[in-house]
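Engineer: Sharing a sequence plus its predicted fold:
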Protein chains: 2
Amino acid sequence: MDIERSISALNNPMRRRILEWLKDRSNFPPALPGHEDLEGVCVAYIQEKAKLSQSTISNYMGLLKQARFVKAERHGQWTFYRRDEENIQAFLAAVKDELLKT
Amino acid sequence: MDIERSISALNNPMRRRILEWLKDRSNFPPALPGHEDLEGVCVAYIQEKAKLSQSTISNYMGLLKQARFVKAERHGQWTFYRRDEENIQAFLAAVKDELLKT
DNA sequence: TTGGTATATCGAGATATTTCGATTTATGGA
DNA sequence: TCCATAAATCGAAATATCTCGATATACCAA
């Protein structure tokens, strides 16, 4: 658990917002045909919602991935991102442990 | 709870370290004569331990104070800083609420 | 009032982050 | 194979953060 990298990834309002959006797949357009079974969301959908450039969103998703807040799954030309709930919980536990007294 | 300002304040290893040091008054030299009853630690003691310049530490403590991670108490020429446990817990709850699904 | 000490604030240079458009890479279809 | 599309990477300009030394402010003691 690299708390430095995690906090750094969270230190941006849009990246935090994306993490919130990813809590619920229905925040995005329906899955692409043939990918209905996938929980993840493609970069283009996130970009459209965030209204930032493609390269910026790709960069953001890379930072969130390095921080283990999301997992990426490549299917053909698409990369589907979804939250990594386990590691999000691990981060919260680590921050709590570092910050809290006792 | 300004989560933006809080995360930004935490986004620095030395500031996080200072918060950890402040968990235990005995991480610092004994209280100044006549201030034994105070829980807080003066800037000079923190500076000495951190080995950064006086102005940097003063700035850091100001950021931690704005983020409500510490409280400042002025006594004469000294400013004594101590953790604000209540607001630290409030921050943890807010981050948990924002990050965690369901 | 004068001088000394603790802290805060100011101004600036070095470094990091943000965000973009352009380019590259990977893939899939005609 | 050739083209189109999705995503990643590159390079750069704008902005923010880090950290310092110098200066200002506040307070105490003689």
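Structural biologist: Received, thanks.

Engineer: if I look at the residue nearest to the spatial centre of chain A, how far off is chain B?
Structural biologist: In chain A, the residue lying closest to the centroid (Cα atoms, centre = their mean) is A:V70, at 4.1 Å. To chain B, A:V70 is 12 Å away according to Cβ to the nearest Cβ, to the nearest Å. C-beta: built from backbone N, CA, C; applies to glycine.

Engineer: ditto for A:L22
Structural biologist: 9 Å.

Engineer: what sits against that residue?
Structural biologist: Contacts for A:L22 (Cβ atoms under 8 Å, 6 or more residues apart in numbering or on different chains) come out as A:41, A:70, A:81-83.

Engineer: Let me know the pLDDT of it.
Structural biologist: In this model, A:L22 is scored at 98, pLDDT.

Engineer: which of the contacts of A:L22 are buried?
Structural biologist: Among the contacts of A:L22, those that count as buried by neighbour count (16 or more other Cβ atoms under 10 Å in any protein chain shown) are A:41, A:70, A:81, A:83.

Engineer: Serialize these to JSON lines and add fields for secondary structure, distance to B:N11 and pLDDT.
Structural biologist: Output for these, formatted as JSON lines (DSSP: H, G, I helix; E, B strand; the rest coil; distance: Cβ to Cβ, whole Å; pLDDT from 0 to 100):
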{"residue": "A:V41", "secondary structure": "strand", "distance to B:N11": "26", "pLDDT": "97"}
{"residue": "A:V70", "secondary structure": "strand", "distance to B:N11": "19", "pLDDT": "98"}
{"residue": "A:Y81", "secondary structure": "strand", "distance to B:N11": "23", "pLDDT": "98"}
{"residue": "A:R83", "secondary structure": "strand", "distance to B:N11": "21", "pLDDT": "98"}
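
Engineer: Take those residues and lay them out in JSON lines including distance to B:K96.
Structural biologist: JSON lines is the format used below for these (distance: Cβ to Cβ, whole Å):
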{"residue": "A:V41", "distance to B:K96": "23"}
{"residue": "A:V70", "distance to B:K96": "18"}
{"residue": "A:Y81", "distance to B:K96": "22"}
{"residue": "A:R83", "distance to B:K96": "15"}
